[in-house]
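Visitor: only geometry, no sequence info:
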């Protein structure tokens, strides 16, 4: 996402409370309904797949300015993987309907989100 898009999203998410996670804490468990859309202010979060044998595989690493779970927000696809703090992390969380309302108001934001998905 470009710097302007990150600034716009940071401004939007500023109105919501911060949530903090310690390294190793699970933010979203696969199969559960997320509490909202997260914007990462600081730290890193990883998307984790766990095998039947309990082995973990990091599929993606999110850094400051990234959002998740975007596919769930836009398409209502369930999250099947865990989102876990890879370091101590500070995030902003907004309800999905507020995030989608922003997308309807600002098509440039939608395009920035889509670029991150594709």
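Guide: It's in. Remember, predicted model here, so these are calculated numbers, not experimental data.

Visitor: name every strand pairing with the helix or strand hosting residue 57 and say which way it goes.
Guide: Per DSSP states H and E, residue 57 falls inside strand 56-62. Sheet partners assigned to strand 56-62 using DSSP bridges are listed as strand 45-50 (antiparallel).

Visitor: return the set of buried residues in the strand it pairs with.
Guide: 45-48 (16 or more other CB atoms under 10 Å). (C-beta placed from N, C-alpha, C; glycine too.)

Visitor: hmm, which two among these are most spread apart?
Guide: Within the buried residues of strand 45-50, two members stand farthest from each other by CB to CB: 45 and 48, at 9.6 Å.

Visitor: got any residues that touch both of the two?
Guide: By CB atoms under 8 Å, 6 or more residues apart in numbering, residue 45 and residue 48 have these common neighbours: 83-84.

Visitor: spatially speaking, which residue is in the middle of this structure?
Guide: Centroid check for the chain by CA atoms, centre = their mean gives residue 68 as the closest residue, at 1.7 Å.

Visitor: show me the contacts for residue 101.
Guide: Counting by CB under 8 Å, 6+ apart, residue 101 touches no other residue.

Visitor: so it is in which element?
Guide: helix 96-105.

Visitor: give me the distance from that helix to the chain's centre.
Guide: Centroid separation between helix 96-105 and its chain, computed with CA atoms, centre = their mean, to the nearest Å, is 15 Å.
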